[in-house]
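Novice: What follows is a predicted protein model with its sequence.
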Amino acid sequence: MGETMKTKKKEMTMLLLIGILIGCGITLGGMLLVQKGILGGMATVSNTDYQYYQQLHQRYSKLNGIYDSVIASYYKKPKAEDLETGMYKGLMAGLGDPYSTYMTSEEYTSWEDSTTGEFEGVGVVFTQDERGNYVVVQTTPDSPAEKAGIKAEDFILKVDGKTYDSMNELSAAIKGPAGTKVIVTCQRDGKNMDFQMTRQQIIDQSVESKALDDNIGYIKISAFEAHTAEDFDKAVAALKKKGAKRFVIDLRDNSGGILDPGIEIADTLLGKGTITYLEDQKGSKQYIKSDEEKLDMPYALLINDKSASTSEVLAAAVKDEGKNPLIGTTTFGKGIIQTTAKLKDGSALKITTAQYFSPKGSQIHEKGVKPDHRVKDNEKTKKDEQLEKALELLRAK
């Protein structure tokens, strides 16, 4: 893909020349004899090349005209690289999909770092709501963001006084070398607040666990990262050694991450069957299956309106199996998957390539996954009503 894009970019000049100079064409043995207009003479172009350049001219001649006007008329000399980046980002923005984007090499590096759970930044996890707001989901324990006072539900407005048009751009701006300072502007209850922080090495623990009374193990999955499935298996094994015979698996406020770890955890929890299936624009379906081995112990899954993406794949699979309950509120409703392709210059495209469905064919995107037991957490109390309901159901088994 990267090579194709590079070739087209280089051939733009030739495209424009042909678009201007073509006067008439005569087909001759699969070739075209093209009259060069004011230059005189003839040039031989294959039918395939002629159609290709004609298509490029029809598609991009307006863009090139705009580019020339900007270069000639803007009150300061523009940077060609910035204009080109804007073109690529604008093309992706035309999809109207906040999850599809063009990333510069720096943004792609930042995005890759976030999938490993180790990076340099301030330790704030955020998502984008249906209105385009950047909403804080949580802060990493003992991180600069937590110490500064950033809280869940805060809206992130600016980084160092600048606004950003995509989650990847915003994430890259917040991150940076350890020891450097950054100011993040948030809005809380209609009031804007500046948080000045010093970046540090962040090691995100996506799985936390503890033993509860009555031989119940509690496992919190805050994100799906490279080592999440492995850490989940370790947590289950450790809790079993402590006598756990039932589990609460908490997916609340988990906005997703990498799909593969979620599939691995679903495979651990479910018996033989379908975990999810993907469907692309052509209607082609890809089924993802689990094997016969499973965690042969009762468990309950906690979800809420901030459980999204991979969390919803896992929740929908458990719900359709019908053996272990979901407790909480309806999930976010992000039922689409993105594929990331790195280009030759280090930049990348992240584009939505398929929609995923529950094993029984229920749509997740823009609908979410409904719990079996709807329980809304009362923020005015210290009690965790959703967890209490899960424990009640497990104790009855």
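Specialist: It's in.
Novice: quick one: the one helix or strand Gly65 maps to to chain centroid distance?
Specialist: With elements taken from DSSP states H and E, the one containing Gly65 is helix 47-73. Centre-to-centre, helix 47-73 and its host chain are 32 Å apart (Cα atoms, centre = their mean, to the nearest Å).
Novice: Show me what it is packed up against.
Specialist: In terms of contacts (3 or more Cβ pairs under 8 Å, 6 or more residues apart in numbering; DSSP states H and E), helix 47-73 is packed against helix 12-21, strand 31-35, helix 80-93. Heads up, the C-betas are built off the backbone N, CA and C, glycines and all.
Novice: got the angle for that helix vs helix 80-93?
Specialist: Relative orientation of helix 47-73 and helix 80-93, computed by axes from the mean of the first three to the mean of the last three Cα atoms, to 10 degrees: 120 degrees.
Novice: Renumber starting at 573 from here on
Specialist: Right, with 573 as the first residue, what we last looked at is helix 619-645.
Novice: Give me the buried positions along helix 619-645.
Specialist: Neighbour-count burial for helix 619-645 flags Tyr622, Tyr625, Leu628, His629, Tyr632, Asn636, Tyr639 (criterion: 16 or more other Cβ atoms under 10 Å).
Novice: can you give me the mean pLDDT across it?
Specialist: For helix 619-645, mean pLDDT rounds to 91.
Novice: Could you do stretch 835-851 as well?
Specialist: The pLDDT scores in stretch 835-851 average 97.
Novice: Give me the three-state assignment for the residue most central in space within the chain.
Specialist: Centroid check for the chain by Cα atoms, centre = their mean gives Tyr671 as the closest residue, at 5.8 Å. Following DSSP: H, G, I helix; E, B strand; the rest coil, Tyr671 is assigned to coil.
Novice: list the contacts for it?
Specialist: Lys906, Ile908, Gln910, Lys922, Thr924 (Cβ atoms under 8 Å, 6 or more residues apart in numbering).
Novice: So which of these belong to strands?
Specialist: Of the contacts of Tyr671, the ones assigned to strands by DSSP state E are Ile908, Gln910, Lys922, Thr924.
Novice: quick one: which of these is nearest to Asp805?
Specialist: Nearest to Asp805, judged by Cβ to Cβ, of those is Gln910 at 26.1 Å.
Novice: separation between that closest one and Val941?
Specialist: Note on Gln910: its distance to Val941, by Cβ to Cβ, to the nearest Å, is 19 Å.
Novice: Give the next helix or strand downstream of the stretch of helix or strand Leu873 belongs to.
Specialist: Here Leu873, judged by DSSP H and E, is contained in strand 871-875. With elements assigned by DSSP H and E, the helix or strand that comes after strand 871-875 is helix 882-893.
Novice: Which elements pack onto that following helix?
Specialist: With contacts defined as 3+ Cβ pairs under 8 Å, 6+ apart, the packing partners of helix 882-893 are helix 831-841, strand 845-851, strand 871-875, strand 898-900.
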